[in-house]
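Enquirer: Got a predicted structure plus its sequence, pasted below:
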Amino acid sequence: MAKMFNLINHPLIQHKLTFMRNEDTPTDNFRRLLREIAQMLVYEATRDLPTELIPIRTPLTEMLSPVISGKKLCLVSILRAGNGMLDGMLDVLPAARVGHIGLYRDPQTLEAVEYYFKVPDDIGERLVIVVDPMLATGHSATAALNRLKAAGATTLKFVCLLAAPEGVAALQSAHPDVEITAAALDERLNDHGYIMPGLGDAGDRMFGTK
């Protein structure tokens, strides 16, 4: 894949992902595993955050030590499934600002339809990390990034659990400047736009709605 696609194949992530894929994994375990993997994915996605040195005093001496510089980043969840990843990321980045984009996929066209949008007013001054467990057709992710750029966002990343080659290609074509981080690149989409072999509908499995 292109240089803007980062596949995080850490053994711990792959181990946890196997249990998420398993159809016998119950809802509570599915949610916990998604939260744990999200913590590790955001760790990788923020490797290039800028830092600056500040003076501190340890119990032994004074020193200059690095802290993250600039405004706090913004995590944007694509509802509803994105909230499962958001929780884990906020464990690692508790001071992050949070935005939400409500999108649903039209069952006939598979296109994304927006029903909710709320982000910080100064989003243009922040690194924005958009989160959604599944990058399938890429329509929802593309629509979300279009909306965020229209709202003023200039520096964006996209983090997902599973990606399909079709979704990665679509998102990179629409937004070549947005880095994608994923835990797995699966084989393909089926005729209904679901990732294969995938793990089913992430939102339904997370919330127990099917």
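Expert: The structure has been received and is ready for your questions.
Enquirer: Run through this protein and note the low-pLDDT ranges.
Expert: Along the chain, segments meeting pLDDT under 70 span 1-3, 110.
Enquirer: Counting residues, name the longest helix you see in this structure.
Expert: With DSSP state H setting the assignment, residue counts place helix 27-45 as the longest helix in the chain.
Enquirer: what's next to the helix or strand hosting His15, contact-wise?
Expert: Applying DSSP states H and E as the criterion places His15 in helix 11-21. For helix 11-21, the external contacting residues (C-beta atoms under 8 Å, 6 or more residues apart in numbering) are 25, 29-30, 33-34, 36-37, 40-41, 161, 183-184, 197-199. Using the backbone N, CA and C atoms, a C-beta is placed for each residue, glycine as well.
Enquirer: quick one: it to chain centroid distance?
Expert: When distances are taken as C-alpha atoms, centre = their mean, to the nearest Å, helix 11-21 is centred 17 Å away from the chain's centroid.
Enquirer: I'd like the numbering to begin with 772 instead of 1 from here.
Expert: Renumbered: residue one is now 772, and that last one reads helix 782-792.
Enquirer: Buried subset of the contacts of helix 782-792, written for PyMOL?
Expert: A single PyMOL command is used to select the members of the contacts of helix 782-792 judged buried by 16 or more other C-beta atoms under 10 Å:
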select buried, resi 796+801+804+805+807+808+811+812+932+954+955+969+970
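Enquirer: List just the nearest of the contacts of helix 782-792 to Gly895.
Expert: Taking C-beta to C-beta as the measure, Gly895 lies nearest Leu812 of these, at 24.5 Å.
Enquirer: now the helices for the protein?
Expert: For the chain, the helices defined by DSSP H occupy 782-792, 798-816, 853-863, 910-921, 936-945, 973-978.
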